[in-house]
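Novice: The following block contains a protein sequence and its predicted model.
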2 protein chains.
Amino acid sequence: MGKKVTIRDIASMAGVSVTTVSQVLNGKGKRFSKSTREKILKLRDQYQYVPDFHARSLIMKENINTIGVLVPNVSEPFFGTFVEGVQQVAREEKLIPLIFSANRDPKLEKEYLEQMVERSIDGLIIASARMTTEMINQALIRRDIPYILFDRNYDQEGARVQTDDYHGGQLAAKHLVDLGHQKFLFLGVNNITENFKQRLAGFKDVLEENGRQFDEDKDVLRTDLSRLGGYHAAKAVAQSGATAVFTANDDVAMGLLRGLRELNIRVPEDISVIGYDDIALDEYVYPRLTTIHQPIFDLGIGATKILLDRINNNNDHEKVEKFPVRLVKRESTAPYHMV
Amino acid sequence: MGKKVTIRDIASMAGVSVTTVSQVLNGKGKRFSKSTREKILKLRDQYQYVPDFHARSLIMKENINTIGVLVPNVSEPFFGTFVEGVQQVAREEKLIPLIFSANRDPKLEKEYLEQMVERSIDGLIIASARMTTEMINQALIRRDIPYILFDRNYDQEGARVQTDDYHGGQLAAKHLVDLGHQKFLFLGVNNITENFKQRLAGFKDVLEENGRQFDEDKDVLRTDLSRLGGYHAAKAVAQSGATAVFTANDDVAMGLLRGLRELNIRVPEDISVIGYDDIALDEYVYPRLTTIHQPIFDLGIGATKILLDRINNNNDHEKVEKFPVRLVKRESTAPYHMV
């Protein structure tokens, strides 16, 4: 048969991406290690590889980049919307986004990353609050794959997109203080990651600046980061005596609304509830949910554009793009003592 | 350097999956075409490929199958739950599921499929109401990749998982007839696919069997298959005079609930609403949504298990697994004339 060796074969044998081979063979491989460059050039000579610019399908395939998108759970509305942002850029820029979701299990996340590398992925967007830069680099070991963090860890290096969780917590507290509330609760999560710590810190600081008491031991409840988690916390929330509750995210808030309704506790007349994220569902629950808006869709777009820049232009400076948060007032919060 | 040729290189050069090469070289390749088998054996000889059973990492990689999962839109709760079912089996069976979502664009779906093939995927689960078997086979042309349809087209061949949409429509009609309703509406979708046609047919047949009038020209409204679609249809629904509405799916029903609330129309006192799917959110809207349950999570599990069977055991008979639907009564439906 004597099938001609393709750029994909060279990439596979060298253990690098097609993009890497293409860039090295086109003299644009400065950012890659000397040993990577030499390996590729040697394989080219060994297999007498010649780029075939007339084979249209081959050229097409070279121009299509495939990116991996690691999210904790694709069935959470937050990450669903993030992925939609990624997909919008993907359609415009002829990228193929492959989504993988490892249920917040760092071991599984690492295994999935390694497999993505095996599949000659051209770049990665990693949204994980658990994986450290070290774990990621270990998974990508010896492969030169650009990646972007959707950073929820704060202590990482590398290109990333971020929102200001501390400021989000401040905004929530300010809104509830402005409404005249005196007794507050933070409905947090069992496995608290840095982004939630930041929100709590911002929340607490503004309460204290305004002369409100907030005791982290007594005024923070923990539950699962899910609708069911919020639902199961309803009784404890009701018993706390708080009239204003700041939840870890909108999913938790939605569950809390359901649980309070079943206990015949009125929102917002008896208890004000404020969520976090501004997922599309907030408009469809009753009462419509007041929340802190994160530009989730834009985060997906932003992360993808930065990644594309790294893939196409070998741009590897440590870009950090920050996205603003803001308060969205709807119907689940009301002045204290409203009848 | 003289890097040793791996099974992955052979697969890449032969244009088949690693699993195919492994099976052919292990004498289990009967289901593959003669030309595929010969191509692989020739490459083995040409590159003097010898399986290296001592290289642990290599063996591990051979044992990990990667499957592609094509869904219309991963941010729809229905497909989010379907994917969760896939992921559960994946974790148990050491499969890596790569999810891709092409926004109901058949051209994009075909392109994504082709790229999955390029990435040496071992199997595919295809949930698309738009792609025909012919389009799929075209995309997978000359590659021997097992796939399973999450069949919403009815007219296809090949292994698939199915639910009975006609029966679902019957159940919805029976429930509303039992409640004494006289005037009905089907809130359908603009681009009606076979699964919706079946639901409508079952709905209509039971109404007529029970002496109720139902005119497909007047009693079917069309909107987008989304929460926003249901929301925008609320005014037309209110003006129709119907007291019982069967919606295309739960997302549409959720939008309708919001829209009717804004028009001060009470559900279920003024209008009964029944959805379709039984997504987890149904418990969190107000009133809690009566619906037709589809075993979405189980469909994901079932599709993955059948696919795995095809990958591992070369089992390619035309298995069709049917999953039951059932009525789930909640709070959005009530007897006609209830005050």
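Specialist: That came in fine, so what should we check first? Numbering: from 1, shown residues only, chains lettered A, B, ... in the order given.
Novice: how about the residues of the stretch 1-150 of chain A that lie near chain B?
Specialist: A:1, A:3, A:5, A:8-9, A:12-14, A:39, A:42-43, A:46, A:61, A:64, A:66, A:74-77, A:80-81, A:83-84, A:87, A:91, A:96-101, A:103, A:108, A:111-112, A:115, A:118-121 (C-beta under 8 Å from any C-beta of the partner chain). (C-beta placed from N, C-alpha, C; glycine too.)
Novice: Write the ChimeraX selection for whichever of these are buried.
Specialist: Applying 16 or more other C-beta atoms under 10 Å in any protein chain shown to the residues of the stretch 1-150 of chain A next to chain B, the buried members can be selected in ChimeraX as follows:
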select /A:5,8,9,12,13,14,39,43,61,64,66,74,75,76,77,80,81,83,84,87,96,97,98,99,100,101,108,111,112,115,118,119,120,121
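Novice: In helices only, show me the residues of the stretch 1-150 of chain A next to chain B.
Specialist: A:8-9, A:12-14, A:39, A:42-43, A:46, A:61, A:77, A:80-81, A:83-84, A:87, A:91, A:108, A:111-112, A:115, A:118 (DSSP state H).
Novice: what residues are up against residue A:308?
Specialist: A:65, A:89, A:93, A:95, A:123 (C-beta atoms under 8 Å, 6 or more residues apart in numbering or on different chains).
Novice: Pull out the buried members of those.
Specialist: So, by 16+ other C-beta under 10 Å, the buried ones in the contacts of residue A:308 are A:65, A:89, A:95, A:123.
Novice: From chain B, how far off is the second one?
Specialist: So the one you mean is residue A:89. Remark: distance between residue A:89 and chain B (C-beta to the nearest C-beta, to the nearest Å) = 13 Å.
Novice: cool, and residue A:213?
Specialist: Going from residue A:213 to chain B by C-beta to the nearest C-beta gives 32 Å.
Novice: where's residue A:274, which helix or strand?
Specialist: Applying DSSP states H and E as the criterion places residue A:274 in strand A:272-277.
Novice: quick one: strands adjacent to whichever helix or strand comes after that strand?
Specialist: Downstream of strand A:272-277, the first helix or strand assigned by DSSP H and E is strand A:290-293. According to DSSP bridges, strand A:290-293 forms sheet pairs with strand A:272-277 (parallel), strand A:326-328 (antiparallel).
Novice: want to try JSON lines for the ones you listed, with mean pLDDT and mean neighbour count as columns?
Specialist: Formatted as JSON lines, the strands paired with strand A:290-293 follow (pLDDT from 0 to 100; neighbours: other C-beta atoms under 10 Å in any protein chain shown):
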{"stretch": "strand A:272-277", "mean pLDDT": "98", "mean neighbour count": "27"}
{"stretch": "strand A:326-328", "mean pLDDT": "98", "mean neighbour count": "16"}
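Novice: For the ones you listed, give me TSV that also has distance to residue B:233.
Specialist: As requested, those are exported to TSV (distance: least, C-beta to C-beta, whole Å):
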stretch	distance to residue B:233
strand A:272-277	27
strand A:326-328	25
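Novice: For the closest residue to residue A:146 other than its chain neighbours, give its distance to residue A:197.
Specialist: Nearest-residue entry for residue A:146: residue A:310, 3.9 Å, with adjacent residues in sequence omitted and distances by C-beta to C-beta, 6 or more residues apart in numbering or on different chains. Residue A:310 sits 29 Å away from residue A:197, going by C-beta to C-beta, to the nearest Å.
Novice: and the residue nearest the centre of chain A, how far is that from residue B:83?
Specialist: With distances taken as C-alpha atoms, centre = their mean, chain A has residue A:127 as the residue nearest its mean C-alpha position (3.8 Å). Residue A:127 sits 16 Å away from residue B:83, going by C-beta to C-beta.
Novice: where does the stretch 1-150 of chain A have low pLDDT?
Specialist: A:1-4, A:27-28, A:50-63, A:119, A:129, A:141-143 (pLDDT under 70).
Novice: same deal with the stretch 201-339 of chain A?
Specialist: For the stretch 201-339 of chain A (pLDDT under 70), the answer is A:315-316, A:338-339.
Novice: can you list the residues of it near chain B?
Specialist: A:227, A:254, A:255, A:257, A:258, A:261, A:280, A:281, A:283, A:284, A:285, A:286.
Novice: Could you pull out the strands in chain A for me?
Specialist: Assigned by DSSP state E, the strands in chain A fall at A:65-71, A:95-101, A:123-126, A:147-150, A:160-163, A:184-189, A:220-223, A:244-247, A:272-277, A:290-293, A:320-323, A:326-328.
Novice: The nearest residue to residue A:170 once chain neighbours are set aside: what's it in contact with?
Specialist: By the measure of C-beta to C-beta, 6+ apart, the closest residue to residue A:170 outside its immediate chain neighbours is residue A:202, 4.1 Å from it. Going by C-beta under 8 Å, 6+ apart, residue A:202 touches A:165, A:166, A:167, A:168, A:169, A:170, A:171, A:172, A:173.
Novice: rerun that using 10 Å as the cut-off
Specialist: When contacts are counted by C-beta atoms under 10 Å, 6 or more residues apart in numbering or on different chains, residue A:202 touches A:164, A:165, A:166, A:167, A:168, A:169, A:170, A:171, A:172, A:173, A:174.
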